[in-house]
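Asker: Sharing a model that was predicted from the sequence below.
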Amino acid sequence: MHDDRSIVEHRLRRVLEERVRPALYSAAVPLTVGRWDAPGEPVPVAEGLAAPYAPAAAGDAWGPAWGTSWFRLTGRVPEEWAGRTVEAVLDLGFDRNMPGFQCEGLAYRADGEAVKALNPRNAWVRIGDRVAGGEEVELYVEAAANPVLNVQRPTYEGDRLTSGDTPLYRLNRLDLAVFEPAVWELIQDLEVLGGLMEQLPVDDARRHEILRALERAMDALDIDDVAGTAGQARAELAPALAAPAHASAHRLSAVGHAHIDSAWLWPLRETVRKVARTCANMTALMDDHPDFVFAMSQAQQLAWIKEHRPEVFARVKEKIAAGQFVPVGGMWVESDTNMVGGEAMARQFLYGKRFFLEEFGIETEEVWLPDSFGYTAAMPQLVKLAGAKWFLTQKISWSQTNAFPHHTFWWEGIDGTRVFTHFPPVDTYNSDLSGRELAHAARNYREKGRGTRSLVPFGHGDGGGGATREMLARAARVRDLEGSPRVEIERPAAFFTKAHEEYADAAPVWVGELYLELHRGTYTSQAKTKQGNRFSESLLREAELWAATAAVRVPGYAYPYDALERLWKTVLLHQFHDILPGSSIAWVHREARETYARVHAELRDIADAAQRALAGPGETEIVFNAAPHARHGVPAGGAARAAGTGDAPVAVAERPGGGWTLTNGLLRAEVDGRGLLVSVYDLRARRETLAPGGAGNLLQLHPDLPNFWDAWDLDAFYRHRVTDLTGAEELRLTADGPEAATVEVRRAFGDSTVVQTLTLRAGAAVLDLTADVDWHEREKILKAAFPLDVKADRSAAETQFGHVHRPTHTNTSWEAAKFEICAHRWLRVEEPGWGTALVNDSTYGHDVTRDVRADGGQTTTVRLSLLRAPRYPDPETDQGRHRLRYALAPGAGTLDAVREGHWINLPERTVTGSRAVAPLVAVDDDAVVVEAVKLAEDRSGDVVVRLYEAAGGRARATLAAGFPVTAAHATDLLERPLADAPSYALTDDGRVALALRPFQILTLRLARDA
């Protein structure tokens, strides 16, 4: 037989695109159009419906960036269309290849009922299946002129304050049209069989069977009467579509999905509308397809529509009750997990799961984070403590260097907890169920021979939209189709249950973090957003601690439950995986800075009011210590009268050749004439911290222009060029003891300046460092380097409720790929018997490298990534003034690093009063760290204490309560009793004996004596 395969395939493509698709609507009449451009920000629906409309028509330009236009569409169904299926075809100027990234609309009836959204590839509204001739049609469309920003180049359209006023879109088509169901079905048949055929091997007989069926169908089709002959063409395809799948075909659990970024290339206010549009579409689709299942995470998004679009929320609740709309994830938002603090991660689950329970009576069992940029090794324990069983992500498939070896596996965290985990091998969370994607999922699946199934999330996402009727048609056709994986639409829990049953015993284990070998720049971009988050987390700890203490101790003091919950939810929202990582447009980060300022002020007021209530009237200075370790004679979580420390004074001496030597009996630091650290001597251990010939606190400037994804990526080749900032415009001693000595150095580089200070305090085992930077560089990264005389094979970096070790060498590609790493409050390197830590108040990006010197010693260089300057999506990223604080802690052990990390983030606070304050709770072992003290969420007045083992070993400790306690119970993160937890006996004086495994998180609920 002659090979005419390419001829038939080309014929299919042309006939489908040029004849069949255009025949979907066989007749059309234009709608009458009225238009009203809302001034400024979006308006309530009632205002839009009642607005004064002016005449408009297809072809009109509309929509400056971020503007909202309302269109009133009226018309009458022609008499000759009686009994036909009629749709309104409403093309606002869409590019069908960019769903979610351009203009969008939401159609309403005249009474304000939301009908469905309008998006590229989904620009229709059904008028009726058997319409009456002469039927009147009236629709309103709220159209959002969101600019196209997924362009990977600098643009000022990302903020309404800097965007232009030129219309971005042109109305393309606003018609009533006769919809041809047979043509639509034929399109789906051709797409499914054509897509499947292209994925089958050329020598597979099934490919040729499909080819001939398609050829016969095209022969049966009259291209001048597509609607009249579509049925005949479909009859030729029916046998090919009826052939059942192979017994061994891969099984795909398809879950409708619309990953909606809570902010990214659009502001938060637009996400509220995106969620309403998507939910309106999905509930409408469920009406027509009772078997359709749609999963949605992010409690915040459902809370938005409850507040702003209650009629859409009511429809969602209806479909949740019917089992079609499925809440998943159990978190407040799909947060970043690299940089979010431990307690904030716990609150993501607390508030997320509580919302789903209170609103829908649903206990979510799967943690759903398809798009975050790597996953902390603390996550498995948090998942379990949140009452969940499964974890899903897709993002690790984006790694540039190493292909992850598993798709279904047990993930083991730093404490030993394991969670059953799945990575969909389809390698997208926005599948359209095309033949290409389904074939890729089956081929790519790495558990063949032991597992048989995977999950595929389908629907337009990132900017929302969700599943379409075309996707559901594909799913129906490939449910049992020869040559294709078997596809079944079902709930995520159904997939996990089946996968666990068939594979749990044989599944491999992955230990430690799920490091994304991409997007490493997100540890540093948008420094003020990151600083706002860290400061908020610290202030929330303080506010809760002092408010709980005052509520227990001070008669009449009312614990601010509502304010704290509102502030927590605000902070949790801004931990979304495109806000905290710094990868959103300028509008998002401008608003984040403004929001953080308000949050900080309110939290300081809450803490201050509680402290003053505790301290009582008087003029004595009372020092409050919110850190989990005693400091300057003030107990952890307590307050005491200010007093001298009694520490040895700081001595200052000039160095030959310039600079000064600072000494406090613990450390001796030498600053040379360039303002660089050339020696930091640990007097206790009698050893030098810095490598011979090295200079510490050295600022280094690198070019930083990644190949893609400017705000996200830091590519390894940035290291190929470096400028050491050694020139000093001014060097001076600004304090010379006895309590502290400070050296200040001013430098200029490029268009920027920096003032660095180096301070040694009396009694301190750390050297405090600040960098006040006026930053005006472009596409650069600024780092602070510390070459340490330490033979360290690995580093330890704080993560949530513990720390994670990473090799300093690059023996394998896995290790080499971790050339930029994330740490929270501290990073430490050590050799047996001695180590050094760097602590910080708001920096997350670090790198650690090693080299062997000519003298045989090893230099381990630790660097903090201080600032970046990417130009997309925010062209002004990080421009302006920054104050960054960090400290060098020579000789620090792990628990020293933990303590110093807390101290730099939780400064002492002083108020005037008359009373010292005993801690509400106290623990007698520094390895057991109190992470949070608060009142219980159920407002019972019980005290909730969250603590964890911080050293990575076993710990026994006693917790002492500073108030009468009647019972102590271990709880989950939602403060519910843990069924398998040991009982905790109370001594007569309110003490509880604790035994913790390495990195164990323990939440104790202490019932108060009424």
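Answerer: Perfect, I can see it now. Numbers count the residues shown, from 1 in each chain.

Asker: Can you give me the distance of residue 941 to residue 559?
Answerer: 8 Å (CB to CB, to the nearest Å). In short, each C-beta sits where N, CA and C put it, glycine included.

Asker: okay, and the common contacts of those two?
Answerer: Common contact partners of residue 941 and residue 559 (CB atoms under 8 Å, 6 or more residues apart in numbering): 551, 935.

Asker: Looking at these two, which has the bigger crowd around it?
Answerer: When neighbours are counted by other CB atoms under 10 Å, residue 941 and residue 559 differ, and residue 559 comes out ahead with 20 against 14.

Asker: Surely that one touches residue 551?
Answerer: Yes. Residue 559 lies in contact with residue 551 (CB atoms under 8 Å); the separation is 4.0 Å.

Asker: Are there residues contacting both of those two? Which ones?
Answerer: The contact sets of residue 559 and residue 551 overlap at residue 935 (CB under 8 Å, 6+ apart).

Asker: Strands along the stretch 351-500 of the chain, start to end?
Answerer: Listed in chain order, the strands found in the stretch 351-500 of the chain under DSSP state E, counting those that start in this stretch are 366-368, 390-392, 408-412, 418-422, 453-458, 486-489.

Asker: Just put those strands in JSON lines and tack on mean neighbour count.
Answerer: What follows is these, written out as JSON lines (neighbours: other CB atoms under 10 Å):
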{"stretch": "strand 366-368", "mean neighbour count": "26"}
{"stretch": "strand 390-392", "mean neighbour count": "23"}
{"stretch": "strand 408-412", "mean neighbour count": "22"}
{"stretch": "strand 418-422", "mean neighbour count": "23"}
{"stretch": "strand 453-458", "mean neighbour count": "26"}
{"stretch": "strand 486-489", "mean neighbour count": "22"}
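
Asker: mind checking which of those strands is nearest residue 543?
Answerer: strand 366-368 (27.7 Å; CB to CB).

Asker: Contacts made by that closest one with the rest, please.
Answerer: With CB under 8 Å, 6+ apart, strand 366-368 has contacts from 295, 297, 328-331, 334, 379, 383, 386, 388-392, 419, 492-493, 496.

Asker: pLDDT weak spots in this protein?
Answerer: Scanning the chain with the threshold set as pLDDT under 70 gives 1, 645, 1010.

Asker: for it, what's the longest helix?
Answerer: Of all the segments of type helix in the chain, defined by DSSP state H, the longest one is helix 586-615.

Asker: Name the next helix or strand following it along the chain.
Answerer: Where DSSP states H and E defines the elements, the next helix or strand beyond helix 586-615 is strand 620-625.

Asker: Isn't residue 821 up against residue 844?
Answerer: No. In terms of CB under 8 Å, residue 821 does not count as a neighbour of residue 844; the distance is 9.3 Å.

Asker: So between those two, which is more surrounded?
Answerer: Neighbour tally, residue 821 and residue 844, criterion other CB under 10 Å: the higher count belongs to residue 844, 25 against 21.

Asker: residues contacting that one?
Answerer: Residue 844 touches 338-339, 523-524, 530, 822-824, 865, counting by CB under 8 Å, 6+ apart.

Asker: and which of those is nearest residue 223?
Answerer: Looking across these and measuring by CB to CB, the closest to residue 223 is residue 338, at 55.4 Å.

Asker: follow-up on the earlier one: is it possible to export the strands of the stretch 351-500 of the chain to a markdown table including distance to residue 213?
Answerer: Below are the strands of the stretch 351-500 of the chain laid out as a markdown table (distance: least, CB to CB, whole Å):
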| stretch | distance to residue 213 |
| --- | --- |
| strand 366-368 | 39 |
| strand 390-392 | 37 |
| strand 408-412 | 35 |
| strand 418-422 | 35 |
| strand 453-458 | 25 |
| strand 486-489 | 20 |
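
Asker: nearest to residue 50, of these?
Answerer: Minimum separation from residue 50 across the strands of the stretch 351-500 of the chain (CB to CB) falls at strand 453-458, 38.4 Å.

Asker: can you give me how far the closest one is from the chain middle?
Answerer: Distance, stretch centre to chain centre, for strand 453-458: 21 Å (CA atoms, centre = their mean, to the nearest Å).

Asker: by contact count, what packs against that strand?
Answerer: Packing partners of strand 453-458 (3 or more CB pairs under 8 Å, 6 or more residues apart in numbering; DSSP states H and E): strand 251-257, helix 435-444, helix 492-503.

Asker: about what we covered before: mind checking which of the strands of the stretch 351-500 of the chain is nearest residue 677?
Answerer: strand 408-412 (39.7 Å).

Asker: Next secondary structure after the helix or strand in which residue 29 is found?
Answerer: Per DSSP H and E, residue 29 falls inside strand 25-30. As assigned by DSSP H and E, the chain's next helix or strand after strand 25-30 is strand 32-38.

Asker: State the distance from the most centrally placed residue in the chain to residue 382.
Answerer: The centre of the chain sits closest to residue 577, judged by CA atoms, centre = their mean, with a distance of 2.1 Å. Noted for residue 577: a distance of 16 Å to residue 382, by CB to CB.

Asker: that older thread, overlap in contacts, residue 821 and residue 844.
Answerer: residue 523.

Asker: Give the other helices and strands that the strand holding residue 29 contacts.
Answerer: Using 3+ CB pairs under 8 Å, 6+ apart: strand 25-30 touches strand 85-91, strand 173-179.

Asker: I'd like the next helix or strand past the first one.
Answerer: On the C-terminal side of strand 85-91, the closest following helix or strand by DSSP H and E is strand 104-108.

Asker: Check the last one too.
Answerer: Following the chain from strand 173-179 toward its C-terminal end, the next helix or strand by DSSP H and E is helix 181-199.

Asker: Next, the angle helix 435-444 makes with that following helix.
Answerer: Inter-element angle recorded for helix 181-199 and helix 435-444: 40 degrees (by axes from the mean of the first three to the mean of the last three CA atoms, to 10 degrees).

Asker: Return the distance of helix 181-199 from the chain's centre.
Answerer: Centroid separation for helix 181-199 versus its chain: 37 Å, with CA atoms, centre = their mean.

Asker: Give the buried residues for that helix.
Answerer: 182-197, 199 (16 or more other CB atoms under 10 Å).

Asker: what's the answer for stretch 924-939, then?
Answerer: Quick answer for stretch 924-939 (16+ other CB under 10 Å): 925-937.

Asker: Can you give me the first-to-last residue distance of that stretch?
Answerer: End-to-end span of stretch 924-939 (CA to CA, to the nearest Å): 28 Å.

Asker: same thing with stretch 978-990?
Answerer: Rule used - CA to CA; the end-to-end distance of stretch 978-990 is 21 Å.

Asker: picking up where we left off before, now the residue nearest to the centre of the chain: how far from residue 68?
Answerer: Residue 577 is 27 Å from residue 68, by CB to CB.

Asker: ditto for residue 137
Answerer: Noted for residue 137: a distance of 23 Å to residue 68, by CB to CB.
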